[in-house]
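S.K.: Provide a 3D model corresponding to the input given below.
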Amino acid sequence: MSHQTPIFAVVLAAGKGTRMKSNRAKVLHTLCGVPMVNYAIEAIRPLVPERLLVVVGHQAEEVKSVLPPDAEPVLQREQLGTGDAVRVALESIEEEEGLLLVVNGDGPLISDRTLGELVERHRSAGVGATVLAAELPDPNGLGRVTEDAGVVRIVEERDASEAEREIRLVNLGLYAFELSEIRAALRNLGSDNDQGELYLTDALEIIGRRNRAVTYRLKDLEEANLVNDRSHLARAEEILRRRILDAHMRDGVTVRDPSSTHIEAGVEIGRDTIILPGTFLRGSTKVGSDCVIGPFTDLMDTIVCDGALVEHSVGRGAEIGPGANVGPFSYLRPGTVLGAGSKVGAYCEVKNTRVGEGSKVPHLSYVGDAEIGENANLGAGTITANYDGKNKNRTSIGDGAFTGVNTSLIAPVTIGDEAYLGAGSVVNKDIPPGKLAVGAPARVIRDAPKKVSEKSKKRES
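M.R.: Numbers count the residues shown, from 1 in each chain. Down below sits the predicted model:
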C-alpha cells in the first residue's frame with residue numbers, strides 16, 4: 001500500500017451533546033477562549049489533508065460560523081449516528097483511493113503527534129481500519145475494545161457483559177480507514193439497535209472481518225479526556241490552561257501563581273513581563289515585554305506596550321502605551337488609547353478617548369469621547385458630560401491643560417493648551433489657550449499661572 005495515499009479528514013461535530021445540559025451545541029463550548037471543535041481541526045492541520053470536512057447538524061449555522069476557512073462544513077440533516085455522519089461526509093469525497101481519518105469534535109486535547117502516529121500505524125500495518133484506543137484506570141461510560149485475529153469490536157458500556165466491563169481498553173472515537181473499505185462497510189451497516197442509529201463502531205467490525213483491523217494505543221493518557229459533560233469540560237480546560245502557561249513561561253514570562261492565572265489561547269506576551277495572581281488575559285490581547293500585569297486584572301482584546309503597569313483593572317479593546325500606568329481599580333473601555341508614560345489612576349473609567357503622552361487622569365474620573373493632549377493633568381473627580389440625551393459629543397483638552405477637582409466638562413467643548421480650570425468648575429463654553437476659568441458656568445478671569453518646569457524647580461532647590 002502506498003504511503004502517499006492522500007488523507008481525507010472528517011471531524012464529527014453534528015451531535016447535541018445532551019449530557020452537557022446546555023442550549024448550545026457541545027462543540028461550541030469554549031476552552032481557553034477557543035470553541036472545542038477548533039482544537040480537533042488544529043490537531044489535524046499538520047497532517048496536511050487533501051480535504052478537511054466537518055460534519056455539522058445540531059445548530060449547524062452556529063457551528064459553521066466558528067470554523068476556520070480551511071474547514072469545509074458538511075450537513076447531516078438528521079442525527080442518525082456516527083456511521084451516518086461519516087456516510088454523509090463520504091458523499092462529498094469522490095476519490096476511491098486514500099485514507100479517511102475520523103476525529104471526534106469533542107476531544108480537544110488530542111495532539112497532531114498522536115494523529116500522525118495513528119496514520120503511520122495504519123499505513124505500516126496495511127489493514128482496512130485502525131482505531132485509537134487507550135488503557136484507562138477508570139473506563140466508566142466508555143465503549144470497551146476487544147481485539148481478536150484482526151477483528152476489533154467495540155462494546156458500548158450499556159451492552160457490555162460483566163466480563164467486558166472489566167476491560168480497561170476504551171474507544172476514543174478516532175479512526176483511520178481505507179476509503180474503499182469504509183464505503184463498503186457503511187453500505188452493509190444496519191441500524192438494529194435501541195437508538196435506531198448507524199454506529200461507526202459496527203463498521204469497524206465489518207472491516208475487520210473483511211480486511212483486518214488493528215488498534216493503536218494512545219501514549220499520553222492526558223489526551224484521552226473526551227468532553228461529555230461540564231465536569232469533563234473543566235478538566236480539559238485545566239490541562240489546556242496549564243499547557244498555555246507553560247509555553248509562556250518557557251518563552252520568558254514570569255507567572256507568579258499559575259493556579260490563579262487564566263490566559264487564553266490567542267494571547268501574546270513578551271519576555272520579562274510579570275503576570276501577578278488572579279489575572280485573566282483573553283481574546284486577542286497582546287502584552288509587550290517588561291510589563292507588570294495584575295494582580296487581579298482582566299484584559300480582553302487589549303494591547304499593552306512595553307514597560308506598562310496595569311494593576312487591579314479591567315481593559316476591553318483598549319491600547320495602553322509604553323510605560324503607561326493603569327489602576328488600581330480602573331476600567332478602560334473600547335477605543336481607549338493611552339499615550340507613552342501616561343497614567344490612569346484609581347477608580348477611573350475611560351472610553352473612546354485618546355490620552356496624550358505624559359498626561360494624567362489620576363483618580364475618580366470619567367472621561368468619554370475625548371481627546372487629551374500631552375502632559376495634561378485632570379484633577380480628581382473630573383468628568384466629561386459627553387451625552388446630551390440624543391448624541392455623544394466630544395471633548396478636546398489641549399497640551400499642558402489643568403483641571404481642578406470636581407470639574408465638569410459639558411461636551412462639545414474645547415479646553416485650550418495650558419488652560420487652567422478652578423475646582424468645581426462647570427465648563428459649557430470653550431476656554432482659550434493659557435487662560436484661567438472658574439465657576440458654574442465657568443468664565444475666564446485672567447491668564448493661567450505659568451507652569452514651573454521640572455528643570456527650574458531643581459535649580460531653585
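
S.K.: which stretches of the stretch 1-150 of the chain form strands?
M.R.: 7-13, 30-31, 34-35, 51-56, 72-75, 99-104, 129-135, 144-148 (DSSP state E, counting those that start in this stretch).

S.K.: how close does the residue lying closest to Val426 once chain neighbours are set aside sit to Pro328?
M.R.: Once flanking residues are discounted, Val426 sits nearest to Ala440: 3.9 Å by Cβ to Cβ, 6 or more residues apart in numbering. C-beta here means a position set from N, CA and C on the backbone, and glycine is covered the same way. According to Cβ to Cβ, to the nearest Å, Ala440 and Pro328 sit 31 Å apart.

S.K.: more neighbours, the two?
M.R.: Ranked by neighbour count (other Cβ atoms under 10 Å), Ala440 and Pro328 place Pro328 first, with 14 against 11.

S.K.: my guess is that one is in a strand, correct?
M.R.: No. Counting by DSSP: H, G, I helix; E, B strand; the rest coil, Pro328 falls outside a strand, being coil.

S.K.: show me the contacts for it.
M.R.: By Cβ atoms under 8 Å, 6 or more residues apart in numbering, the contact list for Pro328 reads 311-313, 346.

S.K.: Name all residues that make contact with the nearest residue to it once chain neighbours are set aside.
M.R.: Using Cβ to Cβ, 6+ apart and skipping residues adjacent in sequence, the residue nearest Pro328 is His312, 3.7 Å away. Contact analysis of His312 by Cβ under 8 Å, 6+ apart lists 294-297, 327-329.

S.K.: can you tell which of the strands of the stretch 1-150 of the chain is closest to Ile431?
M.R.: strand 30-31 (49.0 Å; Cβ to Cβ).

S.K.: average pLDDT for the closest one?
M.R.: The pLDDT scores in strand 30-31 average 97.

S.K.: same deal with stretch 156-167?
M.R.: Averaged over stretch 156-167, pLDDT sits at 90.

S.K.: Return the distance of that stretch from the chain's centre.
M.R.: Stretch 156-167 has its C-alpha centroid displaced from the chain centroid by 38 Å (Cα atoms, centre = their mean, to the nearest Å).

S.K.: Repeat that for stretch 363-383.
M.R.: Here stretch 363-383 is found 33 Å from its chain centre; the criterion is Cα atoms, centre = their mean.

S.K.: So which bits of that stretch are buried?
M.R.: The neighbour-count check on stretch 363-383 (16 or more other Cβ atoms under 10 Å) flags 363-370, 372-383 as buried.

S.K.: how near is Lys21 to Leu233?
M.R.: 11 Å.

S.K.: ok so, going back, for Gly173, find the nearest of the strands of the stretch 1-150 of the chain.
M.R.: Ranking the strands of the stretch 1-150 of the chain by proximity to Gly173 (Cβ to Cβ) places strand 99-104 first, at 3.9 Å.

S.K.: and the closest one, what other elements does it pack with?
M.R.: strand 7-13, helix 36-44, helix 82-91, helix 112-125, strand 169-178, helix 179-187 (3 or more Cβ pairs under 8 Å, 6 or more residues apart in numbering; DSSP states H and E).

S.K.: got the angle for it vs helix 82-91?
M.R.: 130 degrees (axes from the mean of the first three to the mean of the last three Cα atoms, to 10 degrees).

S.K.: Just the CA atoms of strand 99-104, as CSV, please.
M.R.: Listed next in CSV are the C-alpha coordinates belonging to strand 99-104 (Å, rounded to 0.1, in the frame of the first residue of the first chain):
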residue,chain,number,x,y,z
LEU,A,99,-7.1,7.2,3.9
LEU,A,100,-10.1,8.5,5.8
LEU,A,101,-9.1,10.0,9.2
VAL,A,102,-12.2,10.3,11.5
VAL,A,103,-11.8,12.6,14.6
ASN,A,104,-14.3,13.4,17.3
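
S.K.: so what strands line up beside that strand?
M.R.: Here strand 99-104 is paired, per DSSP bridges, with strand 7-13 (parallel), strand 169-178 (antiparallel).

S.K.: Ser92: how many residues sit nearby?
M.R.: Burial of Ser92 is recorded as 12 neighbouring residues (other Cβ under 10 Å).

S.K.: actually Val127, sorry about that
M.R.: Neighbours around Val127, by other Cβ under 10 Å: 22.

S.K.: Check Met300 too.
M.R.: Neighbours of Met300 (other Cβ under 10 Å): 19.

S.K.: burial count for Leu80?
M.R.: Other residues close to Leu80 by other Cβ under 10 Å number 18.

S.K.: For it, which phi and psi angles does the backbone take?
M.R.: phi -110, psi 30 (degrees, to the nearest 10).

S.K.: coming back round to it: among the contacts of Pro328, which ones are in strands?
M.R.: Judged by DSSP state E, strands contain the following of the contacts of Pro328: Ala346.

S.K.: quick check, nearest of the contacts of Pro328 to Gly335?
M.R.: Nearest to Gly335 among the contacts of Pro328, counting by Cβ to Cβ, is Ser313 at 16.3 Å.

S.K.: who touches the closest residue in space to the closest one that isn't next to it in sequence in this structure?
M.R.: Distances taken as Cβ to Cβ, 6+ apart place Gly327 nearest to Ser313, at 3.9 Å, with adjacent residues excluded. Neighbouring residues of Gly327 by Cβ under 8 Å, 6+ apart: 297, 309-313, 344-346.

S.K.: Mind picking the two most distant members of the residues you listed?
M.R.: Thr297 and Gly345 (14.8 Å).

S.K.: higher neighbour count, these two?
M.R.: Thr297 (25 against 19).

S.K.: I'd like to know how many residues surround Pro432.
M.R.: Residue neighbour count, defined by other Cβ under 10 Å, stands at 15 for Pro432.

S.K.: That one and Gly400: what is the separation?
M.R.: Counting by Cβ to Cβ - Pro432 and Gly400 are separated by 14 Å.

S.K.: Quick check: which ranges of the chain have low pLDDT?
M.R.: Scanning the chain for pLDDT under 70 picks out the ranges 1-3, 190-196, 452-461.

S.K.: hmm, back to that, could I get the helices and strands packed on strand 99-104 in JSON lines, plus columns for distance to Pro412 and mean neighbour count?
M.R.: Below are those laid out as JSON lines (distance: least, Cβ to Cβ, whole Å; neighbours: other Cβ atoms under 10 Å):
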{"stretch": "strand 7-13", "distance to Pro412": "51", "mean neighbour count": "27"}
{"stretch": "helix 36-44", "distance to Pro412": "45", "mean neighbour count": "23"}
{"stretch": "helix 82-91", "distance to Pro412": "59", "mean neighbour count": "21"}
{"stretch": "helix 112-125", "distance to Pro412": "56", "mean neighbour count": "18"}
{"stretch": "strand 169-178", "distance to Pro412": "61", "mean neighbour count": "25"}
{"stretch": "helix 179-187", "distance to Pro412": "68", "mean neighbour count": "19"}
